[in-house]
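A.B. asks: mind folding the following:
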Amino acid sequence: MSSYLLVAGVVLIPVLFSVGIAGRKDGLRLGLLIFAAGVGLLCVLWQIDELLPFVGAGDDEDYYRASKRSFHALNDWFDLTQFKATHEQGGYPLLLSWVHQWAGDSLFLRKALNVFFFLMLAVVWFEIGRIIGGKPLGFVSAIGVIIATPLWFYWLFLFKDMVITFLQSLFILGLIQTMTQKSVARGYTLVGVSTILTLPFRSKLALVNLVALAGGNLVTAERRRSLMTTFMKVVLTVGFALLILILGTNPKLLQKFGVAGEHRTLDSESVRAEIEQRERSRSAQFTNVLMFPLLYLVGEVAAFNPRSWERSDASLIRAICMVPWIYIGVPLFLQGVWLIFRSKGKPVVRDVPYTEKKAGQNARAIPVRAHLLILLMFVLIYAGVAWASADTTRWRMPALPPMVAISGFAWMSLNTPRRVSLLLGWGLCLSISLITYYAVLR
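C.D. replies: Below is the predicted model of the structure:
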């Protein structure tokens, strides 16, 4: 019985959040979207879990084994230190252990937890899109996240990246809320809570959030604010920085958050040591400064290599998941970036979205340029993270939802003929290039 309740909660809790955030009318539409997506994704997960339960030689089997423990006291439910013998960061094993108390050894229900965070991710990006460009962009962003297939790999298997992507998206939501005069305190609360919750999963990302918060303040530095609001932002930003530095440089405090190992701390020596370790394992594709931006945009192109289809494993699934993004997401993202910079000097930077009405057209929401710059800044920061970590797959995932939102902004900005021309032109050029490369040059 508890297993059925868990499955129902995976879908119904995001639906309830949808109604609460979007209101009665739009909440019903968003809730139906989330419900349909949840049922469909759980069906897909059930099929994949039967065929390929683990990726093989990955973290997922370790997470599964570590989570098979019973809690005997209330303190056990929140004790992150109990996993220090198996994991240097205990956040994800603890979450999976919660599922174990309800569903026993079920691998499917452990993976269903990632589906829950994926659905909640869509709800968060509805709210981000709504703040930036009104409810139309909110729906486009939510739908874009749901059909962003590169994210799918991380709920099909037992990885912590979906939880991290959700927490980082909450941070973006809080960062954008700090830009509105009425939501500064609420935004900083969300920024702080999401960052602290990220520590047990991937501690170094607290530094990413600190850089993003500083960058967000620079993006909005020229906007007119009251003296009280400016003072509050300065105090809260300094307080946030001190909190991260105090927590991140104190190994004993970090252990309370399930972070073990000296190289997991946030001091300069630990960061330098990890970068040097990544440098030693850096492949040739991560040493070419000109090639890396392209690799960062597409993630990976292994699905286009005929040799990749000779092996039927999880890496092939991940590569296939990238294909829709490469053909549809990348051209729209690049178009969105162009539109963001082209709007410089035009009256689109305002505290709230406004509407513009042209002759013969309905009123449409104009996204706030400063908010879009926040999303782009986050994408660029994660480009640095991907370069430092020599990885454009797992470490890049938190940047994908803002890339999807920028793509959604481009989709809404273009009329139907221009969308068709853009996607067909990109698809044709890409296909010819790939065929030439793999059939002739290799």
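A.B. asks: show the subsequent helix or strand relative to the lengthiest helix in the chain.
C.D. replies: The helix spanning the most residues in the chain, taking DSSP state H as the definition, is helix 107-146. The first helix or strand that comes after helix 107-146 along the chain, using DSSP states H and E, is helix 149-156.
A.B. asks: all helices of the stretch 301-442 of the chain, in order?
C.D. replies: In the stretch 301-442 of the chain, the helices defined using DSSP state H, counting those that start in this stretch lie at 314-324, 330-342, 369-389, 400-413, 416-436.
A.B. asks: export those helices to a markdown table and tack on mean neighbour count and mean pLDDT?
C.D. replies: From N, CA and C alone the C-beta is placed, and that goes for glycine too. A markdown table is the format used below for these (neighbours: other C-beta atoms under 10 Å; pLDDT from 0 to 100):
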| stretch | mean neighbour count | mean pLDDT |
| --- | --- | --- |
| helix 314-324 | 18 | 91 |
| helix 330-342 | 18 | 94 |
| helix 369-389 | 20 | 91 |
| helix 400-413 | 25 | 95 |
| helix 416-436 | 13 | 93 |
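A.B. asks: redo those helices as a markdown table? Include distance to N250.
C.D. replies: Listed next are the helices of the stretch 301-442 of the chain as a markdown table, based on distance: least, C-beta to C-beta, whole Å:
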| stretch | distance to N250 |
| --- | --- |
| helix 314-324 | 37 |
| helix 330-342 | 39 |
| helix 369-389 | 23 |
| helix 400-413 | 31 |
| helix 416-436 | 49 |
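A.B. asks: nearest to I275, out of these?
C.D. replies: helix 369-389 (5.5 Å; C-beta to C-beta).
A.B. asks: what is that closest one packed up against?
C.D. replies: Under the contact criterion of 3 or more C-beta pairs under 8 Å, 6 or more residues apart in numbering; DSSP states H and E, helix 369-389 touches helix 107-146, helix 161-177, helix 205-219, helix 268-280, helix 292-298, helix 330-342, helix 400-413.
A.B. asks: where among the ones you listed is the average confidence lowest?
C.D. replies: The weakest mean pLDDT among the helices and strands packed on helix 369-389 belongs to helix 268-280, with a mean of 73.
A.B. asks: run a quick neighbour tally on S183.
C.D. replies: Using other C-beta atoms under 10 Å, S183 has 16 neighbouring residues.
A.B. asks: same check on D60?
C.D. replies: 20.
A.B. asks: and if you look at the one 10 residues further on?
C.D. replies: Neighbour count for S70, taken as other C-beta under 10 Å: 9.
A.B. asks: checking it next. Helix, strand or coil?
C.D. replies: The assignment at S70 comes out as coil when based on DSSP: H, G, I helix; E, B strand; the rest coil.
A.B. asks: tell me who's in contact with I21.
C.D. replies: 27, 30, 123, 126-127 (C-beta atoms under 8 Å, 6 or more residues apart in numbering).
A.B. asks: distance check, it against N114.
C.D. replies: I21 sits 21 Å away from N114, going by C-beta to C-beta, to the nearest Å.
A.B. asks: could the contacts of I21 go into TSV alongside neighbour count and distance to S183?
C.D. replies: Listed next are the contacts of I21 as TSV, based on neighbours: other C-beta atoms under 10 Å; distance: C-beta to C-beta, whole Å:
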residue	neighbour count	distance to S183
G27	19	20
L30	28	21
V123	28	18
F126	28	17
E127	22	12
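A.B. asks: with those in mind, which one is nearest to G56?
C.D. replies: Nearest to G56 among the contacts of I21, with distances taken as C-beta to C-beta, is V123, at 32.6 Å.
A.B. asks: surely that closest one and P14 touch.
C.D. replies: Yes. Taking contacts as C-beta atoms under 8 Å, V123 lies within contact range of P14: 5.6 Å.
A.B. asks: rewinding a little: nearest to R307, of the helices of the stretch 301-442 of the chain?
C.D. replies: helix 314-324 (10.8 Å).
A.B. asks: which strands and helices sit next to the closest one?
C.D. replies: Using 3+ C-beta pairs under 8 Å, 6+ apart, helix 314-324 is in contact with helix 149-156.
A.B. asks: tilt between the helix it packs on and helix 400-413?
C.D. replies: Here helix 149-156 points in a direction 140 degrees away from that of helix 400-413 (axes from the mean of the first three to the mean of the last three C-alpha atoms, to 10 degrees).
A.B. asks: and for V123 and P14, which residues touch both?
C.D. replies: I34.
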